[in-house]
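Colleague: Give the three-dimensional model of this entry:
(one chain, ligands or ions: 1)
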Amino acid sequence: MRIPFIAGNWKMNLNNNEAIKFIQDMSFKFENRNNIKIAICPPFTSLRSAVIVVEDEIAKNEGFKIMVGAQNMYFEESGAYTGEVSPGMLKSLGIEYVIIGHSERRELFGETDESVNNKIKAALKHEIKPILCVGETLKIREEGNAVSYTLNQIRKDLKDISKSEVSSLTIAYEPIWAIGTGKNATPQDANEMCKAIRGEIRKIYDNGISENLIIQYGGSVKPSNIKELMAMPDIDGALVGGASIKVDDFLAIINY
Ligand code: PEP
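Modeller: Numbers count the residues shown, from 1 in each chain. Now for the predicted structure:
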């Protein structure tokens, strides 16, 4: 039984004060849903505050249950890597999840499948659960190569990651042409890719791991399209960008 998982990727939005206010507001308006996992992924500068405020709100508000993730990390433990943050640093803040290989990182900051693979290994070593993002460009989709491209990313990104490690992984299928554009994949197209990803995980690992794997869809998810996406058999959740920084929209998505 896969528990639905909705994560909000705030990207480079909301400063520390705004992050605190967001969480307090979210807790105030939160409707208890026991059958869902929720995470928010603020920028590095708000992570510590987010963890503390979430703990405070959970203590005050029994029904409130969210987790905090980061949007990126480096794979080395420490050293001369100006501007980077290590998995150990995230772990010491109480961070539970980390988004790895988001297309914006791949496109704007030169992340490769090799660095993504190293980051996943480093996160798993520190027991931080990775949310691995994969997905094709519009050109690749129009050429008819979306599935082969995305599955190839999966094979490279998960190279040498063992069965015992991979069970804490979430995969987010995020077609690049749907991110921040307002254009979402149809639920059928998104499901077809999520099903293909599950099939590939079955081939690399085994049936049990693939059946338990949480696969999210991401790309212009909003209150108006979440329900039909979540109704698809191989879509287990969503990675939400733009709509995750508005409390009411994010709550509406969670309460789909
Ligand atoms: C994302 O950033 O992961 C994302 C899916 O963004 P949006 O929901 O804004 O398309």
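Colleague: Flag every residue of this protein that's near the ligand.
Modeller: 9, 11, 174, 179-180, 218-221, 239-243 (Cβ under 6 Å from any ligand atom). Backbone N, C-alpha and C define where each C-beta goes, glycine included.
Colleague: Check pLDDT for those and point me to the minimum.
Modeller: Lowest in pLDDT among these is residue 180, which has 84.
Colleague: burial count for that residue?
Modeller: For residue 180, the neighbour count with other Cβ atoms under 10 Å is 13.
Colleague: And the one 3 residues further on, by the same measure?
Modeller: Applying other Cβ under 10 Å, we find 12 residues neighbouring residue 183.
Colleague: any idea what sits nearest it, other than its immediate chain neighbours?
Modeller: Leaving aside its sequence neighbours, residue 183 sits nearest to residue 220 (Cβ to Cβ, 6 or more residues apart in numbering; 6.0 Å).
Colleague: thought that neighbour was touching residue 179?
Modeller: Yes: between residue 220 and residue 179 there is a contact under Cβ atoms under 8 Å: 7.2 Å.
Colleague: Same list, the residues of the chain next to the ligand, but as a markdown table with distance to residue 127 and secondary structure please.
Modeller: Converted to a markdown table, the residues of the chain next to the ligand look like this (distance: Cβ to Cβ, whole Å; DSSP: H, G, I helix; E, B strand; the rest coil):
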| residue | distance to residue 127 | secondary structure |
| --- | --- | --- |
| 9 | 21 | strand |
| 11 | 25 | coil |
| 174 | 24 | coil |
| 179 | 28 | coil |
| 180 | 31 | coil |
| 218 | 24 | strand |
| 219 | 29 | coil |
| 220 | 32 | coil |
| 221 | 28 | coil |
| 239 | 21 | strand |
| 240 | 25 | strand |
| 241 | 26 | coil |
| 242 | 30 | helix |
| 243 | 29 | helix |
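Colleague: Could you identify the buried members of those?
Modeller: Buried subset of the residues of the chain next to the ligand (neighbour count, 16 or more other Cβ atoms under 10 Å): 9, 11, 174, 179, 218-221, 239-243.
Colleague: quick check, nearest of these to residue 84?
Modeller: residue 11 (18.0 Å; Cβ to Cβ).
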